[in-house]
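Asker: after the sequence you'll find the predicted model.
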Amino acid sequence: MGVLRQVISADEIRTIDWQRHFREPTDWPKRRSRSYVHSLDIADALDAEGKASEATVLRLIAATTSMRLQAGTANNLFHPLLRVGDDVSTCIEDYDAADVACLQMLAETAADPWLKARFADISCIAGQRLGLKMWRYGKIAATAYLEHCEHVMCGENAVASREEMQRGLELACMFCKSDQELHDRYWNLIEAAIRHALAQGWPGVFFPLSELVRGRNRELTQQLAPVFEQHAAQIAAPGDTYHPENAQTCHEIAARYWERNRDDASARRCQQAAAELLVERARLPSQAMLKADWLAEGIAKLRQYGGDRNRIRELLNELADVRRTILDEMHSHEVPLDVRSLIEHVRTTVVGPTEQEGLMQLAYGIGHGPKFDDVHHSVIDNHEKYPITDMFGKVHYNSEGVPIARQDAFDPNNEEHTYRKMVEQVHDVDFMIATPGIFEAIDVFNEKFEPSLSTFVLYAQRSPGIPEGHEDSIARGLMAGFNHDWLEVAAFLIPQTEAIVRNILKYHGKNTLADRGDGTEEEVSLNQLLESSDANEVFGKDFVFQLRALLTEKSGYNLRNLYTHGLLSDDSLHNHGLFNLWWILLRMILFVPWGHDWMQARMRQHQNAPDEGQPTLDA
């Protein structure tokens, strides 16, 4: 059963005067949610009057008008109004043949152009999914979208209808290829809307429409390129119309238009003007991070488009000065954290009685670190509970104010976005929470057993995870952790992590070499090793996730890359990432024969008497 949820004959639909409920002018694109609720209220009232068929049609109209149009996408043009957990409001997949037939009749009789276009468009898409020929309704939608846009695109509601403009043009190109008059009306309207938006200072209108022109109408780009350039020069001059941000955008649009017409000199002129406006914006009162970002972008443009080298050098010095002021604007926030239960768990776990037992209890007994599936679930759950926190993009800066990573607004359906968000969570929360437990375990172990370097050399020599000839360095790094000498831990263990990972993969028969293409081979990088399917197979996805978050991911601690390139100061090495890396490497090298026996016994004990609610360092 589709959206209608009951069978209504065609004759009955024709007799329903549904339009009487929408006599008052309604801004449908701008007030979609309000119109949806209003339509449902009318349907409920009709049900109370015993007019079930008319109420059903009103609910179909409400569902059809509720969806959000996102033009320019190959699939999923129409998106549900609401999505709460697994509950989703009406989407295009819900429509069946009866819904399509009803929408076709509504489209034929609708007086409002937007409603006519929406009914015809939805019926066209849903009908094509059902294998029906929908050329007639594609044409109806293209014409109706144009009629609607001709009323609004040069007025205050232009922003709300820019998607309708693009969708209508797409339908015209698909279903009305030979109707030159219709195409001319579209392009004349787009040109008029761009000129009006420029005059009003509406980048939300002229920017998307300019991209539409650049992709589909080369002749119009040639006409509008000087318009954008002249407008940019006008609003870049000091005065009442001064707006450097819009001026920069207009110069960049003009540059792309000149490039489209192979006028490289004009394109270079516009890009250089855009670069100078970025520099100008960086000198206006603003936050240091934004100023540094604009100045860096302006310098990059000047380099790319032939700016003066001496000026670029001067701007680089200016950029360095701006970045030095970023830290003055930074603020730290302290949040109290009660770890008493965790500390108590550590003290009752690391009890020995032998040194070997105590070491295994420290390495494995107090937890195993963040689990991939748990963090993944947490990220998705937090997004559903607090979606507004993920609506904006982010720029990550290092301690010197240099932007090192950019990311778009979080999309939970994008695996890359989700993984990055998971890494951010363990960086900001999980590893930080684990640190007090690690420190307490080290102190408890030191009180009971007083470890020595020779002990760890012996363990390293017996561990299949340690490559031959690396035993002393790794043992010194582990011993440094028991002395809380984290500079020495970093010096020995961060460079050795790659050797340990590679050695364990080779131990399990996995290839770690890459063909250079000239008959020679080379070892692949740590990034590639950890991103390979072999790593998940050998180490498990939890361990790989932790190592990537600590060593190679930019949104994590990125210890391996930053330390190798000398980008970590002595103070910055005292961080939660290094503390957790030491603990992880301790677990990796303690996988010796007696360690394996200890783990097996521990697992059997847990299966027979699992702990209930015991706090650990697992996230």
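Answerer: Now that the structure is in, tell me what you want to look at.
Asker: would you indicate which residues of stretch 17-32 are buried?
Answerer: Using 16 or more other CB atoms under 10 Å as the test for burial, stretch 17-32 gives 18, 21-22, 26, 28-29, 32. C-beta here means a position set from N, CA and C on the backbone, and glycine is covered the same way.
Asker: farthest pair in the residues you listed?
Answerer: For the buried residues of stretch 17-32, the farthest-apart pair by CB to CB is Trp18 and Pro29; their separation is 19.7 Å.
Asker: quick check: the gap between the residue nearest the centre of the chain and Ala199.
Answerer: Nearest to the mean C-alpha position of the chain, counting by CA atoms, centre = their mean, stands Phe410 at 3.3 Å. According to CB to CB, to the nearest Å, Phe410 and Ala199 sit 36 Å apart.
Asker: do the same with Thr109
Answerer: Distance from Thr109 to Ala199, by CB to CB: 38 Å.
Asker: one more: Gly469?
Answerer: For Gly469, the distance to Ala199 equals 74 Å [CB to CB].
Asker: between the two, which one's more packed in?
Answerer: A direct count of neighbours by other CB atoms under 10 Å for Gly469 and Ala199 places Ala199 higher, at 11 against 8.
Asker: which other helices and strands contact the strand or helix carrying the more buried one?
Answerer: According to DSSP states H and E, Ala199 maps onto helix 180-200. Counting contacts by 3 or more CB pairs under 8 Å, 6 or more residues apart in numbering; DSSP states H and E, helix 180-200 packs against helix 135-152, helix 162-175, helix 203-216, helix 218-236.
Asker: residue contacts, Ala499?
Answerer: Residues near Ala499 by CB atoms under 8 Å, 6 or more residues apart in numbering: 467, 470.
Asker: could you do Lys139 as well?
Answerer: By CB under 8 Å, 6+ apart, the contact list for Lys139 reads 171, 175-176.
Asker: same question for Leu578.
Answerer: By CB under 8 Å, 6+ apart, the contact list for Leu578 reads 486, 489-490, 494, 557, 559.
Asker: pick the one among the residues you listed closest to Gly131.
Answerer: Closest to Gly131, out of all of the contacts of Leu578 and judged by CB to CB, is Tyr557, at 53.3 Å.
Asker: surely that closest one touches Leu547?
Answerer: No. At 10.7 Å, Tyr557 and Leu547 do not qualify as touching, with contact defined as CB atoms under 8 Å.
Asker: low-confidence ranges, the stretch 1-150 of the chain, go.
Answerer: Within the stretch 1-150 of the chain, the stretches with pLDDT under 70 are 1, 25-26, 74-75, 83-86.
Asker: just the strands in the chain please.
Answerer: For the chain, the strands defined by DSSP state E cover 68-69, 78-79, 83-84, 87-88, 394-397, 403-407, 513-515, 521-523.
Asker: number of residues surrounding Asp328?
Answerer: Quick note: Asp328 (other CB under 10 Å) scores 7 neighbours.
Asker: so which residues make contact with stretch 502-512?
Answerer: Under the criterion CB under 8 Å, 6+ apart, residues 464-467, 523-524, 529, 534-535, 537-539, 588 lie in contact with stretch 502-512.
Asker: again with stretch 205-212
Answerer: If you take CB under 8 Å, 6+ apart as the criterion, stretch 205-212 is touched by 153, 158-159, 162, 165-166, 169, 190, 193-194, 196-198, 224, 228, 249, 253, 257.
Asker: which residues touch the closest residue to Val7 other than its chain neighbours?
Answerer: In space, and not counting its chain neighbours, Val7 is closest to Ala98: 6.8 Å by CB to CB, 6 or more residues apart in numbering. By CB under 8 Å, 6+ apart, the contact list for Ala98 reads 2, 4, 7-8.
Asker: mind checking which of those residues land in helices?
Answerer: Here DSSP state H is the test, and the contacts of Ala98 give no hits in helices at all.
Asker: among those residues, who's most crowded?
Answerer: Leu4 (21 neighbours).
Asker: what's near enough to touch that one?
Answerer: By CB under 8 Å, 6+ apart, the neighbours of Leu4 are 56-57, 59-60, 98-99, 102.
Asker: in JSON lines, list those along with distance to Arg516.
Answerer: Formatted as JSON lines, the contacts of Leu4 follow (distance: CB to CB, whole Å):
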{"residue": "Thr56", "distance to Arg516": "68"}
{"residue": "Val57", "distance to Arg516": "68"}
{"residue": "Arg59", "distance to Arg516": "65"}
{"residue": "Leu60", "distance to Arg516": "63"}
{"residue": "Ala98", "distance to Arg516": "62"}
{"residue": "Asp99", "distance to Arg516": "59"}
{"residue": "Cys102", "distance to Arg516": "64"}
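Asker: mind listing what's buried along the helix holding Ala199?
Answerer: Buried residues in helix 180-200, counting neighbours by 16+ other CB under 10 Å, are found at 182-183, 185-187, 189-191, 193-194, 196-198.
Asker: since that was my last question, I'll sign off now.
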